[in-house]
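*Asks:* Okay, predicted coordinates and the sequence, questions at the end:
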Amino acid sequence: MTDSSSRLTRITSERAPMFPPGAGPAADPVGGRYERTIRSFQPRRSRVTSAQRDALLRLWSRWGLEIDGRERLDLGALFDGLPVVLEIGFGMGEATAEMAAADPGTGILATDVHTPGQGNLLRLAEQRGLTNVRVANGDAVILLREMIAPGALAGVRVFFPDPWPKKRHHKRRLVQPEFVELVASRLAPGGFLHCATDWEPYAEWMLEVLSAGSSFTNTADGGGFARRPADRPLTRFERQGLAKGHVVRDLVFRLRLPKTGGVTGC
């Protein structure tokens, strides 16, 4: 077999569907419907355990959704009228499940492209009897831009996103001015954006980007980093960072309410 044919075989194998149609997350839910922008993530579909695969096969049609950009989501129907927080990137889902269990009055729309994590979160939700979690597969930017109505979210969480540490890759970082303004447009009045990272240069980047915009107010005294909120569980990535001596930073910003002018009469 030639090198070129071997490469073609490998690519074809990588693109082969992992699940029967409609029975699990799609490899590429968007397809060619949108112009490809710079991705801030890399899809990872390997090392799915039998328990994770079983959860995906059984539960995806009930609690999973594809970020295909086709239509706006009815979050009220999806979460039975609960206020909804979007969580972007949940890893293996342990912290997400813990937050959902601690706050059953809030719906969590958790999005990621990590297939083992998707299966694990569904498994945890079933085990703990959680009805306020939905798992979305695909690009969070497309989800926000095409599928979430303005003012529909109570909050957005971005915990430990890829820091893309090399300078030439900084453009791939999720937290950019355009992303911040998109989030702001999808938040209800008083909604929040909570970011956390263990990569100090990215923390400084986030603080600069969030502080420079006009849509959010920093909730931290002095305009710096926030104390870790008690309702944010330790994540697997956080534990790994702490073990390496990293400093974890939280940034909690709240949507700035529009100023209302007084009405005068004669």
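*Replies:* Looks like it came in fine. Numbering: from 1, shown residues only.

*Asks:* What ranges does the stretch 1-150 of the chain have for its helices?
*Replies:* Listed in chain order, the helices of the stretch 1-150 of the chain (DSSP state H, counting those that start in this stretch) span residues 3-15, 50-63, 75-78, 94-102, 115-127, 140-142.

*Asks:* any chance of the ones you listed in a markdown table, plus mean pLDDT and distance to Arg232?
*Replies:* Glycine gets a C-beta too; all of them are placed from N, C-alpha and C. As requested, these are exported to a markdown table (pLDDT from 0 to 100; distance: least, Cβ to Cβ, whole Å):
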| stretch | mean pLDDT | distance to Arg232 |
| --- | --- | --- |
| helix 3-15 | 39 | 35 |
| helix 50-63 | 96 | 23 |
| helix 75-78 | 97 | 22 |
| helix 94-102 | 97 | 8 |
| helix 115-127 | 97 | 17 |
| helix 140-142 | 96 | 19 |
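
*Asks:* Looking at those, spot the one closest to Asp198.
*Replies:* Closest to Asp198 of the helices of the stretch 1-150 of the chain, according to Cβ to Cβ: helix 94-102, at 13.8 Å.

*Asks:* elements contacting that closest one?
*Replies:* With contacts defined as 3 or more Cβ pairs under 8 Å, 6 or more residues apart in numbering; DSSP states H and E, helix 94-102 has these neighbours: strand 107-112, helix 115-127, strand 133-137.

*Asks:* Nearest approach to Thr217 belongs to which of those?
*Replies:* With Cβ to Cβ as the criterion, Thr217 lies closest to strand 107-112 of the helices and strands packed on helix 94-102, at 23.8 Å.

*Asks:* CA atoms only for the closest one, dumped as PDB, please.
*Replies:* Written as PDB, here are the backbone C-alpha positions of strand 107-112 (Å, rounded to 0.1, in the frame of the first residue of the first chain):
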ATOM      1  CA  GLY A 107     -31.300  24.200  33.600                       C
ATOM      2  CA  ILE A 108     -27.700  23.500  32.300                       C
ATOM      3  CA  LEU A 109     -27.100  23.400  28.600                       C
ATOM      4  CA  ALA A 110     -23.700  21.800  28.500                       C
ATOM      5  CA  THR A 111     -21.800  21.900  25.200                       C
ATOM      6  CA  ASP A 112     -18.600  20.100  24.200                       C
END
